[in-house]
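> sharing a model that was predicted from the sequence below.
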Amino acid sequence: MKLLVQSDDYGITRAVSLGCIHGIKNGVVRNTGMFANMPWIEECVEWIRPYLDQIAFGIDLNASTGPSILGHDRLPTLTHEDGTFLGSRENRALDTDENNHDHLADHKDELYAEFKAQIERYIELIGHKPDYIHNHAYGTKTTDEVTRSLAKEYDILCSVELMDRPEVRQGGMGWYVMGGPEAQLGEDPTGFITSDQGGILNCEYGYVISHCGYCDAELFALTSFTTCRAKDLECMTSEKIKNWIRDNNIELISFNDLPEEWKKH
């Protein structure tokens, strides 16, 4: 079995970025995606540049965390007046029966423009297209539709397309708990994965999405997904997860190792 281990949110903060790199250097992470909209992303890119030949470095298209690239004037329905995105909780609060459970459907043009700007920012910093495209948080039919459209436009494989394939099993993220930082410290991603609660061992391709990272003040200001990142990093660098991979004859791969025909639109 071939296994994609992905750690999302590279660049959301400096501490998370350093944790992702630790997961690459000392663990099983082979895929991570950039938050191109964050103010410190240039610094974070320089940190990961020495490892780009070892991983697939993609982009996490983001419309719910931090500052937008295009600003409030261009994105009046997606952002606050200061240009920061509405958060996931704010977006969910707007999803009501009156607007068909997907208020972002009315803002497709704004999503397309911002997501395209994020891809272009990635290209500016890295020098080539992202190795893959992934949606960050608050996924809806509209964000998926825009992502698929941009993946076709740029000829890049995106994770929502990957999960459409019958050969691929996404192992779920059932170890995450609802609650604050203390509750998150009780999570057990290692036990979840090594007991195969996601049912990936009998598939040709397994896909595990994690959120490795260290924590800093910026992270607590941006998201409720905080100490779970330390638990994910502990898992993805543990001897137990490495032994499980070895004992089950699992081959770690990146998006770059997937069949070429999967990348065609």
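Cool, got the structure. This structure is a prediction, so every number in the text was calculated from the model and none was measured.
> okay, helices next: where are they in the protein?
14-26, 41-48, 88-94, 108-126, 141-154, 159-162, 181-184, 189-194, 217-222, 228-236, 239-247 (DSSP state H).
> ok, which of these comes nearest residue 175?
In terms of C-beta to C-beta, the element of the helices of the chain nearest to residue 175 is helix 189-194, at 4.0 Å. From N, CA and C alone the C-beta is placed, and that goes for glycine too.
> which other helices and strands does the closest one contact?
Packed against helix 189-194 by the contact rule (3 or more C-beta pairs under 8 Å, 6 or more residues apart in numbering; DSSP states H and E) you find helix 228-236, helix 239-247.
> quick one: buried residues of the last one?
Translated: helix 239-247. The neighbour-count check on helix 239-247 (16 or more other C-beta atoms under 10 Å) flags 241, 244, 245 as buried.
> mind putting those residues into CSV with distance to residue 144 and pLDDT?
Shown next, in CSV, are the buried residues of helix 239-247 (distance: C-beta to C-beta, whole Å; pLDDT from 0 to 100):
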residue, distance to residue 144, pLDDT
241, 30, 98
244, 31, 98
245, 30, 98
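> turn those into CSV, columns for distance to residue 38.
Supplementary listing: the buried residues of helix 239-247 in CSV, determined by distance: C-beta to C-beta, whole Å:
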residue, distance to residue 38
241, 28
244, 33
245, 31
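> how much space separates residue 142 from residue 171?
26 Å (C-beta to C-beta, to the nearest Å).
> I'd assumed residue 20 was in contact with residue 5.
No. Residue 5 is beyond contact range of residue 20, at 11.5 Å (criterion: C-beta atoms under 8 Å).
> joint contacts of these two?
residue 29 (C-beta atoms under 8 Å, 6 or more residues apart in numbering).
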